[in-house]
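**Q** below are the sequence and a predicted model for it; my questions follow.
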Amino acid sequence: MSNTQDWLTRAAASDGSSTQILAIALEITKSPQASTAQVAAAKRVANSVRTVLRQRAPSGVAVEVSQIRFAALLEALRSG
């Protein structure tokens, strides 16, 4: 795992911004301007954050990350 991925994963675990980091990573994977290396790194970050979210789920309840409304999160991030 690269230093950036490690930092993003730790940030997601510590400050409650997991869904925001995940949304950004997924946006990168869909961006036509992103390089192959950037897309690959973003996918690794997304998988790491998904793991963090699952580990933080209360009482072993699986977190269905795929059901998070990424468009709403991204809009909130863009608008501040």
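**A** The structure has been received and is ready for your questions.

**Q** so for stretch 23-33, mean pLDDT?
**A** What stretch 23-33 shows for mean pLDDT is 82.

**Q** and the longest helix anywhere in the chain, which residues are buried?
**A** When the chain is parsed with DSSP state H, its longest helix is helix 36-56. Of the residues in helix 36-56, 41, 42, 44, 45, 46, 48, 49, 50, 52, 53 count as buried by neighbour count, 16 or more other C-beta atoms under 10 Å. Just so you know, the C-beta spots here come from the backbone N, C-alpha and C atoms, and that holds for glycine as well.

**Q** can you add pLDDT and give those residues back as a markdown table?
**A** Listed next are the buried residues of helix 36-56 as a markdown table, based on pLDDT from 0 to 100:
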| residue | pLDDT |
| --- | --- |
| 41 | 82 |
| 42 | 81 |
| 44 | 83 |
| 45 | 79 |
| 46 | 81 |
| 48 | 80 |
| 49 | 77 |
| 50 | 77 |
| 52 | 73 |
| 53 | 72 |
